[in-house]
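**Q** build me a model from this:
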Amino acid sequence: MADSDAELARKLRMRTLASGALIFLVSCVWGLLGDLALNYKAFSGAHHQWAHAGEVLFALAFAYPYMRLSRRLMGVYFWSLQIAMWTNGAAYAVAALSNDHWLGTFGHPERDPTVRAWTHWSWLSFLLVPVLCGPACFVAFALLLLGLARSDGSSIEVVEAAKVK
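**A** Next comes the predicted model:
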């Protein structure tokens with residue numbers, strides 16, 4: 001039996017809230033690991049990126065009932081949002097632990113003389129931001145805007161409750 005739209009919105013809201021809590025926990029634990037960082041600027045960046053991602057997930061969890069998207073697009077929105085929020089901090093974490101300095105300079109020695117040659121860690125970190133995080137963020141926020149633009153402003157839970165009466 002297929003879930004109703006209200007049930008799907010509730011499930012995705014709860015999963016997004018849980019993901020936000022988990023990413024906050026990761027940010028807190030990461031904050032305790034400062035002595036492991038070879039690149040403290042990237043370490044601090046990862047800590048802040050994950051904390052802000054948790055805030056975004058908490059806030060956007062409450063948009064689900066107001067979005068009018070197909071079930072498939074709602075799933076694409078959920079997973080795009082997860083990928084965007086987790087990979088940005090992860091890129092900074094890779095740079096912090098590997099001492100790569102490409103973040104903010106894109107690894108160009110002429111822009112930053114402290115940048116050394118790209119390593120496999122540089123490529124992993126680079127892959128996470130412009131290849132995964134950027135497009136996922138674009139898709140998630142475009143679908144959020146589309147879903148809200150299609151809405152009349154009423155919550156799907158209210159609409160479905162009115163249909164039952």
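**Q** name the nearest residue to the residue nearest in space to the middle of the chain, sequence neighbours excluded.
**A** Nearest to the mean C-alpha position of the chain, counting by Cα atoms, centre = their mean, stands residue 85 at 1.2 Å. With sequence-adjacent residues excluded and distances taken as Cβ to Cβ, 6 or more residues apart in numbering, residue 85 is closest to residue 53, at 3.8 Å. Using the backbone N, CA and C atoms, a C-beta is placed for each residue, glycine as well.
**Q** for that neighbour, give its distance to residue 33.
**A** Distance from residue 53 to residue 33, counting by Cβ to Cβ, to the nearest Å: 18 Å.
**Q** same question for residue 25.
**A** 13 Å.
**Q** show me the shaky parts of this protein.
**A** Applying pLDDT under 70 to the chain flags residues 1-3, 100-123, 126, 157-165.
**Q** the residue nearest to the centre of the chain is in contact with residue 23, isn't it?
**A** Yes. Counting by Cβ atoms under 8 Å, residue 85 does reach residue 23; the two are 6.4 Å apart.
**Q** give me the common contacts of those two.
**A** 53-54, 57 (Cβ atoms under 8 Å, 6 or more residues apart in numbering).
**Q** okay, these in a markdown table with secondary structure and neighbour count next?
**A** Output for the shared contacts of residue 85 and residue 23, formatted as a markdown table (DSSP: H, G, I helix; E, B strand; the rest coil; neighbours: other Cβ atoms under 10 Å):
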| residue | secondary structure | neighbour count |
| --- | --- | --- |
| 53 | helix | 25 |
| 54 | helix | 22 |
| 57 | helix | 24 |
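**Q** same list (those residues) but as JSON lines, adding distance to residue 133.
**A** What follows is the shared contacts of residue 85 and residue 23, written out as JSON lines (distance: Cβ to Cβ, whole Å):
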{"residue": "53", "distance to residue 133": "10"}
{"residue": "54", "distance to residue 133": "15"}
{"residue": "57", "distance to residue 133": "14"}
